[in-house]
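Peer 1: Coordinates only, no sequence provided:
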Ligand SMILES: Nc1ncnc2c1ncn2[C@@H]1O[C@H](COP(=O)(O)OP(=O)(O)OP(=O)(O)O)[C@@H](O)[C@H]1O
């Protein structure tokens, strides 16, 4: 379990993280989503005791990271796969990690196989690794202490489609066995398949959070007919805001069933009626986060 409570971090008066609160739960993959510079890495660095908070608290497994006697046995982290010592081999890096955590060296072989790095690749120096191989090595290092919590900052960077699929399966399996996963990304489609819960951050503030299903249903309905102005008027009369459009169609925040009933009552023959699903969530994500004005970046009904 990770609990972030009213966390704020300012750099020379400018806030990178602004009053952020959320939780990540055991048995679930929590996606931490936001564009570049939104505050994801800063939040994760504070979680791992690498940077002090200006105010607010973060608790991982009920306490502060800095107070854990052997943190790698409880929390596995990967913040920057390119920060590994390039002069060492993958096997050396894993062996040092295992020894530091008091783990048997057998774990090294087990982790190599878990992340699909071959014995030959393990004996190569990290400077000759691709970014994808470095991500795999970073994940092996995070897992070597068999922790209950995983904190991963953009772990899909540099992975090819098969690698991304492998990562999703690994994280799903880890969460299904009771682990807590916090996974950041700036790309919705990269994490929407695996995430159970989503935290959306923009300009240092949480703009939406909830289960994936809640956010997808909040993403609304796409509806259109031959005369969308007439349809929009009928919907508006029924109290449904239809001000946004998606590829010429109307995008409304209501269930398809409800929208269909309003159209029927108004005698409007529909050409299209469907749940907006991830297309709507993607649009919502862009709207919520692209806005540079913090105070405007909030969508009603989605805010925590
Ligand atoms: N050490 C620092 N000094 C000053 N400003 C910083 C520092 N670290 C981060 N920032 C600023 O804080 C904000 C949040 O950065 P952060 O790296 O947390 O975002 P992010 O969501 O992880 O983005 P990315 O996806 O690009 O990694 C940015 O405006 C960044 O410039």
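Peer 2: It's in. Please read these numbers as outputs of a predicted model, since none were measured by experiment.

Peer 1: For the rest of this, base every contact and every neighbour count on C-alpha atoms.
Peer 2: Will do.

Peer 1: so where's the protein uncertain?
Peer 2: Low-confidence segments of the chain (pLDDT under 70): 217, 243-247, 278-280, 283-284, 287-304.

Peer 1: Flag every residue of it that's near the ligand.
Peer 2: Residues of the chain lying near the ligand by CA under 6 Å from any ligand atom: 11, 16, 34, 35, 36, 37, 38, 39, 40, 41, 42, 186.

Peer 1: mind listing what the second one touches?
Peer 2: I take that to be residue 16. For residue 16, the contact set (CA atoms under 8 Å, 6 or more residues apart in numbering) comprises 8, 9, 10, 37, 38, 39, 42, 203, 204.

Peer 1: May I see the ChimeraX selection of the buried members of the residues of the chain next to the ligand?
Peer 2: With 16 or more other CA atoms under 10 Å as the burial test, the buried ones among these are selected in ChimeraX as follows:
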select :16,34,35,38,39,40,41,42,186
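
Peer 1: Tell me how far residue 273 lies from residue 135.
Peer 2: Note on residue 273: its distance to residue 135, by CA to CA, to the nearest Å, is 42 Å.

Peer 1: between the two, who's got more neighbours?
Peer 2: Comparing residue 273 with residue 135 by other CA atoms under 10 Å, the one with more neighbours is residue 135, at 27 against 17.

Peer 1: which SSE is that one in?
Peer 2: helix 131-143 (DSSP states H and E).

Peer 1: next one: residue 23
Peer 2: Counting by DSSP H and E, residue 23 is found in strand 14-24.

Peer 1: again with residue 93
Peer 2: Assigned by DSSP H and E, residue 93 falls in helix 90-100.

Peer 1: which residues does the residue in the stretch 201-304 of the chain that the ligand sits nearest to contact?
Peer 2: Proximity of the stretch 201-304 of the chain to the ligand (CA to the nearest ligand atom) peaks at residue 204, 6.7 Å away. Neighbouring residues of residue 204 by CA under 8 Å, 6+ apart: 15, 16, 17, 18, 20, 38, 39.

Peer 1: What distance do you get for residue 113 to residue 136?
Peer 2: Note on residue 113: its distance to residue 136, by CA to CA, is 10 Å.

Peer 1: Who has more neighbours out of these two?
Peer 2: Per other CA under 10 Å, whichever of residue 113 and residue 136 has more neighbours is residue 136, with 25 against 13.

Peer 1: quick revisit: same list (the contacts of residue 16) but as a markdown table, adding distance to residue 260 and secondary structure.
Peer 2: Formatted as a markdown table, the contacts of residue 16 follow (distance: CA to CA, whole Å; DSSP: H, G, I helix; E, B strand; the rest coil):
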| residue | distance to residue 260 | secondary structure |
| --- | --- | --- |
| 8 | 44 | strand |
| 9 | 46 | strand |
| 10 | 48 | strand |
| 37 | 40 | coil |
| 38 | 38 | coil |
| 39 | 40 | coil |
| 42 | 44 | helix |
| 203 | 37 | coil |
| 204 | 38 | coil |
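
Peer 1: Can you name the two of the residues you listed that sit furthest apart?
Peer 2: 8 and 37 (14.8 Å; CA to CA).

Peer 1: Which residue is the nearest non-sequential neighbour of the residue of the stretch 201-304 of the chain closest to the ligand?
Peer 2: Among residues not flanking residue 204 along the chain, residue 17 sits closest, at 4.1 Å (CA to CA, 6 or more residues apart in numbering).
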